[in-house]
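Enquirer: Mind folding the following:
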Amino acid sequence: MILYPAIDLKDGQCVRLLHGDMDKATVFNNSPADQAQRFVKDGFSWLHVVDLNGAIEGKSVNTAAVQSILESISIPVQLGGGIRTLEGIEAWIEAGVSRVILGTVAVHDPELVRKAARLWPEQIAVAVDVRDGKVAIDGWTGLSDIDAITLGKRFEDVGVAALIVTDISRDGALTGVNVEGVGELADAVSIPVIASGGVAAVADIERLKARKGVEIAGAILGRSLYAGTIKPAEALVAAAA
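Expert: Purely as a prediction, here's the structure:
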């Protein structure tokens, strides 16, 4: 299982939100590049970056901060937040992003996602952000009428690298990962699934790995790393077991 430490960008700073609420942001580092370098030193092999302002505005906003991260580390980066055009995807891949995450556009324009996955095989991921059983959009400020499995099945066999499923009710709350919800999606689709939201302790990683059914491909670690409830070395050992 691959672990993805998360850097969420708001106004150029590295923050964590509670339940995706922009008014409930805690700043953990004024230098995203410094935070990225710390995660590399911790031994992580991937980085998960989200442009929070971009997700709400529908276009990349924290561009300078993302570029500073890309320039400061050599491990692969997956980036999401406000990327909704083929031109935007291409620009970030050319800038050095290894995987672009598409969320809102996956609900509104699935054909664009399919086209992107054909153009950049294994470099496109789809964010499946779930609130009350439905997929949230526009930086989690809106709610669609589509459920997670329906959305995931739209992108079978087109070369999407991963589905990143987030339980918004648990995100940033350190309440434990929704193993059942993540597993239900993983069992329903052939695309690798990455778990996000509520991963609070090494035990959560162990629970994801121990579930019967399709293997969970990865987990995103956010507040747990910043708050110290997960130690990187212990998490990496559990993920590799």
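
Enquirer: so how far is Leu174 from the closest residue to Phe44 other than its chain neighbours?
Expert: Nearest residue to Phe44, sequence neighbours excluded (Cβ to Cβ, 6 or more residues apart in numbering): Pro5, at 5.1 Å. For glycine as for every other residue, the C-beta is placed from the backbone atoms N, C-alpha and C. Distance of Pro5 to Leu174, computed by Cβ to Cβ, to the nearest Å: 15 Å.

Enquirer: Going by how many neighbours each has, rank those two and give me the top one.
Expert: Taking Pro5 and Leu174 together and counting by other Cβ atoms under 10 Å, Pro5 has the greater number of neighbours (24 against 18).

Enquirer: who does that one bridge with?
Expert: Bridge pairing for Pro5 (DSSP bridges) gives the partners Leu221.

Enquirer: try the one 5 residues further on
Expert: With DSSP bridges applied, Lys10 shows beta-bridge pairing to Gln13.

Enquirer: so it makes contact with Thr26?
Expert: No: using Cβ atoms under 8 Å, Lys10 makes no contact with Thr26, being 10.1 Å away.

Enquirer: So between these two, which is more surrounded?
Expert: Remark: of Lys10 and Thr26, Lys10 carries more neighbours, 21 against 13, as counted by other Cβ under 10 Å.

Enquirer: What about the closest residue to Trp140 other than its chain neighbours, how many residues nearby?
Expert: In space, and not counting its chain neighbours, Trp140 is closest to Gly20: 3.9 Å by Cβ to Cβ, 6+ apart. Other residues within reach of Gly20, judged by other Cβ under 10 Å, total 21.

Enquirer: Also Pro32?
Expert: Using other Cβ under 10 Å, Pro32 is surrounded by 24 other residues.

Enquirer: From Ala116, how far off is it?
Expert: For Pro32 relative to Ala116 (Cβ to Cβ), the value is 25 Å.

Enquirer: again, but for Ala162
Expert: The gap separating Ala162 from Ala116 is 14 Å, by Cβ to Cβ.

Enquirer: Neighbour count for those two, which is higher?
Expert: Comparing Ala162 with Ala116 by other Cβ under 10 Å, the one with more neighbours is Ala116, at 26 against 21.

Enquirer: contact partners of the helix or strand hosting the more buried one?
Expert: Using DSSP states H and E, Ala116 falls within helix 110-119. Here helix 110-119 makes contact (Cβ atoms under 8 Å, 6 or more residues apart in numbering) with 84-86, 89-90, 100, 102, 105-106, 124, 126, 154-155, 158-160.

Enquirer: if we go to 6 Å?
Expert: 89, 102, 105-106, 124, 154, 158-160 (Cβ atoms under 6 Å, 6 or more residues apart in numbering).

Enquirer: where exactly do the helices run in the protein?
Expert: Counting by DSSP state H, the chain has helices at residues 32-41, 52-57, 63-72, 86-95, 104-108, 110-119, 148-153, 179-188, 202-210, 223-227, 232-240.

Enquirer: okay, these in TSV with distance to Trp140 and mean pLDDT next?
Expert: As requested, the helices of the chain are arranged in TSV below (distance: least, Cβ to Cβ, whole Å; pLDDT from 0 to 100):
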stretch	distance to Trp140	mean pLDDT
helix 32-41	21	98
helix 52-57	8	95
helix 63-72	20	98
helix 86-95	19	98
helix 104-108	10	96
helix 110-119	19	98
helix 148-153	14	97
helix 179-188	16	97
helix 202-210	21	97
helix 223-227	16	95
helix 232-240	25	98
